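A.B. asks: Structural data only, the sequence is not supplied:
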């Protein structure tokens, strides 16, 4: 399916008090090429394999295929991944009809916090929380696949 | 799981009369790197996503993870693959306690026929049919991932 998403930097810690839940995420790439990214993720107790295509011209829409797999399988596949496993804490924050996912990165990406909101259409209106900073939807440096190879602390 | 497999060239067409069934296969790679190959396959009416690791030192054993997916999903994922989709006809030939899978390649790999037999252990004995030619288990040029990027007719 096609996923439509907008991505923002986060300007303060205020989001943490609004979080409904949080999970630790570890993820690596079997291919970090953004035209055919293959991601292995362990989120809490669950595993996921995700494949993403190239973004469209607006930078907001992207083909995405995802299957849940066992955490054991995900661990085996993570061992095959390219160097540069990403570790982050994901906070889920409902706001109006939307869910913001805020990722606080750790390790070599420490200091980076990114918020994402999934939309039904590219023009859909959504409420902007006060902690939302600059939009970076069009900046490929904020792709997790890019960060896995060029971590934030090396910028 | 770990897959143990030996691979041979095929010296004659005689295998065709012994085949129990045959299927058309189209397959591409989301990553053709043999250390983390990600393969999308359509075999008859079915789709498969397969991930393979690096071969061990003997060249016979390799980590393999596979999930069946729908043919529609496989078609979508094939569209994201690297250039070089492989087309072949697979013949399944039971012999003693083993199953030989013989792949007759088409398109840019026309002229190449490879037989594979899956084993329980690296030293397992198996019956060799008369049409079996030279063993190529240790030759990475016969990996399908390699053939997708360097087709047989270009050798």
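C.D. replies: Alright, I've got the coordinates. On a predicted model such as this, the values are computed, not experimentally measured, just so you know.

A.B. asks: and chain A, which of its residues are near chain B?
C.D. replies: A:30-31, A:35-36, A:38, A:49, A:51, A:53, A:63, A:65, A:67, A:69, A:73, A:76-77, A:80-82 (C-beta under 8 Å from any C-beta of the partner chain). Glycine gets a C-beta too; all of them are placed from N, C-alpha and C.

A.B. asks: Give me the PyMOL select line for those residues, limited to the buried ones.
C.D. replies: A single PyMOL command selects the buried members of those (16 or more other C-beta atoms under 10 Å in any protein chain shown):
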select buried, chain A and resi 30+31+36+38+49+51+53+63+65+69+73+76+77+80+81+82
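
A.B. asks: Tell me the gap between the longest helix out of those in chain A and the middle of its chain.
C.D. replies: When chain A is parsed with DSSP state H, its longest helix is helix A:71-78. Relative to the chain's own centre, helix A:71-78 is displaced by 19 Å; criterion: C-alpha atoms, centre = their mean, to the nearest Å.

A.B. asks: residues making contact with the helix or strand just after that helix?
C.D. replies: Downstream of helix A:71-78, the next assigned helix or strand under DSSP states H and E is strand A:86-95. Here strand A:86-95 makes contact (C-beta atoms under 8 Å, 6 or more residues apart in numbering or on different chains) with A:15-16, A:18-28, A:43, A:99-107, A:109, A:126-127, A:129, A:144, A:147-148.

A.B. asks: Of all the residues in strand A:86-95, which ones are buried?
C.D. replies: A:86, A:88-91, A:93.

A.B. asks: what's the closest of these to residue B:7?
C.D. replies: Each of the buried residues of strand A:86-95 was checked against residue B:7 using C-beta to C-beta; the closest is residue A:86, at 36.3 Å.

A.B. asks: picking up where we left off before, nearest to residue B:140, out of the buried residues of strand A:86-95: which one, please.
C.D. replies: Using C-beta to C-beta, the buried residues of strand A:86-95 come closest to residue B:140 at residue A:86, 30.3 Å.

A.B. asks: Now do the contacts for the residue in chain A that chain B sits nearest to.
C.D. replies: Per C-beta to the nearest C-beta, residue A:31 is where chain A lies closest to chain B, at 4.1 Å. By C-beta under 8 Å, 6+ apart, the contact list for residue A:31 reads A:37-38, A:82, B:30-31, B:36, B:38.

A.B. asks: so how many other residues sit close to the nearest residue to residue A:87 once chain neighbours are set aside?
C.D. replies: Excluding its sequence neighbours, the residue lying closest to residue A:87 (C-beta to C-beta, 6 or more residues apart in numbering or on different chains) is residue A:106, at 4.4 Å. The number of residues packed near residue A:106 is 16, by other C-beta atoms under 10 Å in any protein chain shown.

A.B. asks: likewise residue A:4?
C.D. replies: 17.

A.B. asks: for it, which residues make a bridge with it?
C.D. replies: residue A:61, residue A:119 (DSSP bridges).

A.B. asks: Fine by me, we can end here.
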